[in-house]
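A.B. asks: sharing a model prediction with you, sequence too.
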Amino acid sequence: MWRKTEEVKPTSPGGDAAEPGATTSNLNSSATPPAENSTTSEAAAPAAAAFTSTPAIAPDVAAAITTVSTISAGLKIRGEISGNCHLVVEGETHGKIHLANGRVTVATSGRVNADIEAPEIEIEGNVQGNLNARDNVRMGPASHVQGSVLTRRIRIEDGARFRGKVEMTRPGSAADSSGGKSSPATAAASPVNAEKRKTAVAAAPRS
Amino acid sequence: MDWTAKNRLGSTATARAPVKPGAEAATAPSANTRVSNGLKEFLWLLSDERQGKILDLGAVFQSTVMFFIEKGFRLSTEDLLRSWKEFLHAEEETLRSAPVGDGNARVSQGMLAGKFLDTALQYPEDHFHGVLAWDLFDYLDAELLPRVMERIYTVMRPGGAVLASFHSRAPERFNRYKVVDSQTLELVPTPTLAVHARVFQNREILDIFGKFRSSKTFVGRDQVREALLLK
């Protein structure tokens, strides 16, 4: 079988995902549609420092998405997180993360014990759970992932630690269709977004 | 799956570009590759499997993952040596914090091996068509090795193949392995994860794979032996 013509390797997905960057505002701000959270957070302290939303420019996956929500270091959330925004996890989450459009980034300090479903998933920290990404998954050099990965494109940096199974999907497959049918605009008006939103009680980082 | 059941492509038990320690290896990246006739044969054995399941017991690398996925395999990865090291470290910390005279603090290597395998190599029986284990078995201690072999045997399908490498002399450095193509591996020098436990003679290699029904070995110029065994 090694005489077969080698297939063209897919392009690596990690490099084309532009990092958003802009000003920061509180999650409670009316200008920033937050991720929907069912949360039980630990500790209590001023909120703004720990759970913030950042208007951003995301030209790649979902151009209409303008916010980045951050679960900051020291914050611990249990429950299901869903919504239409980018999510950065610097703290700890247990449960499930589902973003119909947007990117989930688990930062170096982030610890996620949850299945993650989003178009783009980027791991720099520690994840125990299955990753289901419509577009791509990137595991950074310090990442530690335990679980199955189902995605269309994957990028694994040297040094990444992974225990689990990798399966690749093709455009149009079942995994590809999840969350991809509605545009960000229509998603905003969907029943999903009409659900009761709970703002996470924030906590100051535990030093 | 059998050695004689398929048309055979020519294979020679030679390796090019042996790994050399020192400056030469550091300045010549191309020297960090080796020909793996074992991999070539391994792929040949699995070539009839559609969406065959492979378990890689080494570090995860992009090139290895993509290589097997592009060939239509489903790849699972578990860095067994690193997991073992971390497990031992955690156990050591536990023992260190245990009260003096605590009877629970006395643990044997066998107990540790059993406890480790309560969480490691947890897969369904008869699941994998192939297992890759480069630089693994001769780094495991005597208590853990037979238990790992038993577990690997259990999770493999009948007819499945294990490709493992063994050093013929104590290695000068610790490497992880990336699959470059069907016959080439890239050696990635890595900080030592575990002490090389022992050099196995051919007879001993066959003994540790005692339950497997067929074997073949390939010796490279770098004195690394690749053993390919069928369940």
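C.D. replies: Happy to help now that I have it.
A.B. asks: ok, A:Trp127 touching A:Ala107?
C.D. replies: No, residue A:127 isn't Trp; it's Val. No: using Cβ atoms under 8 Å as the test, A:Val127 is too far from A:Ala107 to be in contact (11.3 Å). The C-beta positions use only the backbone N, C-alpha and C, and glycine is treated the same way.
A.B. asks: ok, those two, which is more surrounded?
C.D. replies: Taking neighbours as other Cβ atoms under 10 Å in any protein chain shown, A:Val127 and A:Ala107 compare with A:Val127 leading, 30 against 20.
A.B. asks: tell me which element the more buried one is part of?
C.D. replies: Assigned by DSSP states H and E, A:Val127 belongs to strand A:126-128.
A.B. asks: what mean pLDDT does that strand have?
C.D. replies: Average pLDDT, strand A:126-128: 97.
A.B. asks: would you work out how far apart the start and end of stretch B:41-57 are?
C.D. replies: By Cα to Cα, to the nearest Å, the extent of stretch B:41-57 from end to end equals 18 Å.
A.B. asks: same question for stretch B:163-181.
C.D. replies: 16 Å.
A.B. asks: what's the mean pLDDT across that stretch?
C.D. replies: For stretch B:163-181, the per-residue pLDDT averages 90.
A.B. asks: how many neighbours does B:Asp222 have?
C.D. replies: Counted with other Cβ under 10 Å, residues neighbouring B:Asp222 total 18.
A.B. asks: quick one: is the longest strand along chain B near chain A?
C.D. replies: Longest strand in chain B by number of residues (criterion: DSSP state E): strand B:156-167. No: remark: strand B:156-167 sits outside contact range of chain A, by Cβ under 8 Å from any Cβ of the partner chain, the gap being at least 13.8 Å.
A.B. asks: who's in contact with the strand holding A:Val127?
C.D. replies: A:Val106, A:Gly110, A:Arg111, A:Val112, A:Asn113, A:Ala114, A:Ile116, A:Ser143, A:His144, A:Val145, A:Gln146, A:Gly147 (Cβ atoms under 8 Å, 6 or more residues apart in numbering or on different chains).
A.B. asks: distance to chain B and pLDDT added to the residues you listed, as JSON lines?
C.D. replies: Shown next, in JSON lines, are the contacts of strand A:126-128 (distance: Cβ to the nearest Cβ, whole Å; pLDDT from 0 to 100):
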{"residue": "A:Val106", "distance to chain B": "17", "pLDDT": "97"}
{"residue": "A:Gly110", "distance to chain B": "19", "pLDDT": "96"}
{"residue": "A:Arg111", "distance to chain B": "16", "pLDDT": "97"}
{"residue": "A:Val112", "distance to chain B": "18", "pLDDT": "97"}
{"residue": "A:Asn113", "distance to chain B": "15", "pLDDT": "97"}
{"residue": "A:Ala114", "distance to chain B": "20", "pLDDT": "95"}
{"residue": "A:Ile116", "distance to chain B": "18", "pLDDT": "97"}
{"residue": "A:Ser143", "distance to chain B": "10", "pLDDT": "96"}
{"residue": "A:His144", "distance to chain B": "10", "pLDDT": "96"}
{"residue": "A:Val145", "distance to chain B": "9", "pLDDT": "97"}
{"residue": "A:Gln146", "distance to chain B": "9", "pLDDT": "96"}
{"residue": "A:Gly147", "distance to chain B": "11", "pLDDT": "96"}
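A.B. asks: dump the residues you listed to CSV, plus secondary structure and neighbour count.
C.D. replies: Shown next, in CSV, are the contacts of strand A:126-128 (DSSP: H, G, I helix; E, B strand; the rest coil; neighbours: other Cβ atoms under 10 Å in any protein chain shown):
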residue, secondary structure, neighbour count
A:Val106, strand, 30
A:Gly110, coil, 24
A:Arg111, strand, 20
A:Val112, strand, 27
A:Asn113, strand, 15
A:Ala114, strand, 26
A:Ile116, strand, 27
A:Ser143, coil, 23
A:His144, strand, 18
A:Val145, strand, 28
A:Gln146, strand, 15
A:Gly147, coil, 20
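A.B. asks: sheet-wise, list the partners of the strand holding A:Val127 with their directions.
C.D. replies: Strand A:126-128 has the following strand partners under DSSP bridges: strand A:111-123 (parallel), strand A:144-146 (parallel).
A.B. asks: of those strands, which is nearest A:Asp135?
C.D. replies: Closest approach to A:Asp135 among the strands paired with strand A:126-128 (Cβ to Cβ): strand A:111-123, 4.6 Å.
A.B. asks: what residues does the longest helix anywhere in chain B touch?
C.D. replies: What stands out as the longest helix in chain B, according to DSSP state H, is helix B:80-97. Residues outside helix B:80-97 that contact it (Cβ under 8 Å, 6+ apart): A:161, A:163, B:57-59, B:105, B:107, B:112, B:115-116, B:119-121, B:133, B:135-136, B:139-140, B:144, B:148, B:193-194.
A.B. asks: hmm, back to that, can you check which of the strands paired with strand A:126-128 gets nearest to A:Glu80?
C.D. replies: Taking those one by one with Cβ to Cβ, strand A:111-123 is closest: 8.5 Å.
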